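A.B. asks: Sequence first, predicted coordinates after that:
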Amino acid sequence: MSIDPRDPYVAASREVDLFGLFRTIWHRRVFILAMGMVFAIIGVALAYVIPPVYEASTTLRPVELNQLDALNRSKIYSLPPAEALKRVGARLDSYSARLNFFRARPDLIKVFQGEGQSIEQAFQEFNSSTLSVVLADPKKTDLLSEFIGLKMHYGKDINGAAVLNDFVDYAIEQERIQLSRDMQVILSNRLLEVDAKLNSALSEYRAGNEGRIARLEEDDAIRRAQLDDELKALRVQLKLQRQARLAELDEAISIAGSLGLKKPSTPSQMADEVSASGNIIRTEVNGRPVPLYFMGTEVLVAERAALLKRTSDDFVEPRIGQIRKELILLSNNRSVEAIKARANERDFLQGVEALRVERARLQSIDTQMLGLHLVSIDQRAVASAKPIKPRKAFVVGIALIGGLLLGMVIALVRASFKSHMRQMRTLRLGDAVAPVLPKDLSRQGGTLLSEAQSRPSNG
């Protein structure tokens, strides 16, 4: 006997009987509750077997503006509080900073390093599952909303709060050291720049001094040459005057000898000697000088002999003494000697007072910044009293719900399987009695069989 799928009785038999499902679940309630209790017990066991995980957290906020005032007033580095917080946050999230901190902590290496693992492999587990950075909402721009949080998950074998606080202090100290290095580099560059300007001014000063010394020495050389020329000219002049005087004396000696004048005389005395017998008084008024031969041969010959013995005429001209004095003074230029004898030429530089002040200011800047506070630790990490994992109630609840669901699924599958087996037996029985039954009775029998299938058995 074949079953027509378009038969309404067959289609009705395929629809899900919700009441039948609830009835099946109710009849199997003991089994379902047993499954739930078994899974709940398993959940309790897991909740106590899984190692507890604790959480410690710390919060960093921007430091007060006055803490960075000394740094910002140095005029070589500007660091607002928000920027300092970002730098510390970047250091906290830095792979190298975390790795260096991990290497410096044997207690962490002992916990995370497994057998046959390297330090880097152990650090991967520590870095990926332990530390996490929490950032503020970027949409909020007020200072109170700016913060950086750091969380750490740890087990019972680690003092997580102490490790987290040590890591925060380490990151802040490393950032301070890096800032100090940056300051030293910038300060060194500024000092080099100022020294370069001072050296340039010193080079300019030395070049100016060399030019000044050269001009002074050149002026002295010219003046000495002029004085030497003047001295030579005066000596030649004096020599010519002496020679002229000798010639004049020779002529006068000759005239005086011819006149018989040996002693100095005057024209009036010669007239007196001629008219010695008469009483004549002569008055001589003459504007012309007395001729040289009236000096007499004795005087003239003596003067001539003295001129011939003379080896130098320098004493005759006072200007020669003045020239010698000037030459002696020009032999040593005290200005040049003073310039060359300057021990520290930088003291004589002009127009570099501002550079000297700037250099002194730069040298007085403290680049170590030992007391510098980059961030404010708003909340230090504190050891947690309760673990965040596992949540025992949640684990037991999930296990209970899972057990109940699994029990219901198994109960429904078993009921469905038994119903299917009864249906198959009924269909085989129906095929066996179909030839002896009329068509209407056969249809009624199929309806009865369908109703029988829909009733669950008590077993």
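C.D. replies: Cool, the structure landed. All of these numbers come straight from a predicted model, not from anything done at the bench.

A.B. asks: For Pro106, see how far away the nearest residue to Met369 once chain neighbours are set aside is.
C.D. replies: If the residues on either side of it in the chain are set aside, Met369 comes closest to Ser180, at 5.4 Å by Cβ to Cβ, 6 or more residues apart in numbering. The C-beta positions use only the backbone N, C-alpha and C, and glycine is treated the same way. To Pro106, Ser180 is 28 Å away according to Cβ to Cβ, to the nearest Å.

A.B. asks: So between those two, which is more surrounded?
C.D. replies: A count of neighbours by other Cβ atoms under 10 Å puts Ser180 above the other of Ser180 and Pro106, at 16 against 9.

A.B. asks: Just the element for the more buried one, please.
C.D. replies: Assignment of secondary structure by DSSP states H and E places Ser180 within helix 160-259.

A.B. asks: Who does the longest strand anywhere in the chain pair with, and is each partner parallel or antiparallel?
C.D. replies: Secondary structure of the chain per DSSP state E: the longest strand is strand 54-62. Its sheet considered, strand 54-62 pairs with strand 148-154 (antiparallel), strand 375-379 (antiparallel) by DSSP bridges.

A.B. asks: now the angle from the first one to helix 160-259?
C.D. replies: It stands for strand 148-154. For strand 148-154 against helix 160-259, the angle by axes from the mean of the first three to the mean of the last three Cα atoms, to 10 degrees is 130 degrees.

A.B. asks: one step back: for the strands paired with strand 54-62, which one sits closest to Ala411?
C.D. replies: Taking Cβ to Cβ, strand 148-154 is the member of the strands paired with strand 54-62 nearest to Ala411, at 40.6 Å.

A.B. asks: Buried residues, the helix or strand where Ala306 lies. List them.
C.D. replies: Ala306 is located in helix 296-309, with elements delineated by DSSP H and E. Within helix 296-309, the residues scored as buried using 16 or more other Cβ atoms under 10 Å are Gly296, Thr297, Val299, Leu300, Val301, Glu303, Arg304.

A.B. asks: quick one: which of those residues is nearest Phe22?
C.D. replies: Scanning these for proximity to Phe22, where the rule is Cβ to Cβ, the winner is Glu303, at 171.2 Å.

A.B. asks: Roughly how far does the residue lying closest to the closest one once chain neighbours are set aside sit from Lys239?
C.D. replies: Among residues not flanking Glu303 along the chain, Leu249 sits closest, at 5.9 Å (Cβ to Cβ, 6+ apart). Applying Cβ to Cβ, the value for Leu249 to Lys239 is 15 Å.

A.B. asks: The two: which has the busier surroundings?
C.D. replies: Leu249 (23 against 13).

A.B. asks: Okay, that one and Pro267: tell me how far apart.
C.D. replies: 20 Å.

A.B. asks: that older thread, report all helices and strands that the helix holding Ser180 contacts.
C.D. replies: strand 54-62, helix 81-92, helix 95-103, strand 148-154, helix 296-309, helix 318-330, helix 334-340, helix 353-363 (3 or more Cβ pairs under 8 Å, 6 or more residues apart in numbering; DSSP states H and E).

A.B. asks: any idea how far it is from the chain center?
C.D. replies: 40 Å (Cα atoms, centre = their mean, to the nearest Å).

A.B. asks: Same question for stretch 155-164.
C.D. replies: The answer for stretch 155-164 is 35 Å, by Cα atoms, centre = their mean.

A.B. asks: buried residues in that stretch?
C.D. replies: For stretch 155-164, by 16+ other Cβ under 10 Å, it's Ile158, Gly160, Ala161, Val163, Leu164.

A.B. asks: The first one in helix, strand or coil?
C.D. replies: I take that to be Ile158. coil (DSSP: H, G, I helix; E, B strand; the rest coil).

A.B. asks: Let me have the buried residues of stretch 155-164 in a markdown table, extended by distance to Leu198.
C.D. replies: Compiled in a markdown table, these are given as follows (distance: Cβ to Cβ, whole Å):
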| residue | distance to Leu198 |
| --- | --- |
| Ile158 | 57 |
| Gly160 | 56 |
| Ala161 | 54 |
| Val163 | 51 |
| Leu164 | 50 |
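
A.B. asks: Where does the prediction get shaky in the stretch 101-250 of the chain?
C.D. replies: Applying pLDDT under 70 to the stretch 101-250 of the chain flags the ranges 137-145.

A.B. asks: how about 50 then?
C.D. replies: Applying pLDDT under 50 to the stretch 101-250 of the chain flags residues 143.

A.B. asks: go on, the stretch 351-459 of the chain?
C.D. replies: 436-442, 444-449, 452-454, 456-459.

A.B. asks: in it, which spans are helices?
C.D. replies: Counting by DSSP state H, counting those that start in this stretch, the stretch 351-459 of the chain has helices at residues 353-363, 392-433, 439-454.

A.B. asks: quick one: Glu218 from Leu227, how far?
C.D. replies: Glu218 is 15 Å from Leu227, by Cβ to Cβ.

A.B. asks: Which residue of the two possesses the greater neighbour count?
C.D. replies: Taking neighbours as other Cβ under 10 Å, Glu218 and Leu227 compare with Leu227 leading, 17 against 10.

A.B. asks: Assess the claim that the more buried one and Glu326 are in contact.
C.D. replies: Yes - counting by Cβ atoms under 8 Å, Leu227 touches Glu326, with 5.6 Å between them.

A.B. asks: Between those two, which contacts overlap?
C.D. replies: Counting by Cβ atoms under 8 Å, 6 or more residues apart in numbering, Leu227 and Glu326 have no contacts in common.

A.B. asks: and the residue nearest to Phe112 when sequence neighbours are not counted, what does it touch?
C.D. replies: By the measure of Cβ to Cβ, 6+ apart, the closest residue to Phe112 outside its immediate chain neighbours is Ala122, 4.3 Å from it. By Cβ under 8 Å, 6+ apart, Ala122 lies in contact with Phe102, Ile109, Phe112, Gln113, Gly114.

A.B. asks: now, which of those residues sits nearest Leu374?
C.D. replies: Phe102 (22.2 Å).

A.B. asks: What is the burial count for that closest one?
C.D. replies: 22.

A.B. asks: Point out the most buried one among the strands paired with strand 54-62.
C.D. replies: Counting by mean count of other Cβ atoms under 10 Å, strand 148-154 has the highest mean neighbour count of the strands paired with strand 54-62, with a mean of 21.

A.B. asks: And it, how far out from the chain middle?
C.D. replies: 30 Å.

A.B. asks: same thing with stretch 397-405?
C.D. replies: Worked out by Cα atoms, centre = their mean, stretch 397-405 lies 61 Å from the chain centre.

A.B. asks: okay but Ala47 is in contact with Ile398, surely?
C.D. replies: No - using Cβ under 8 Å, Ala47 is not in contact with Ile398, being 10.1 Å away.

A.B. asks: re earlier: after the longest strand of the chain, next one along is what?
C.D. replies: With DSSP H and E, the next secondary element past strand 54-62 is helix 69-72.

A.B. asks: per-residue confidence averaged over that following helix?
C.D. replies: For helix 69-72, the mean pLDDT works out to 83.
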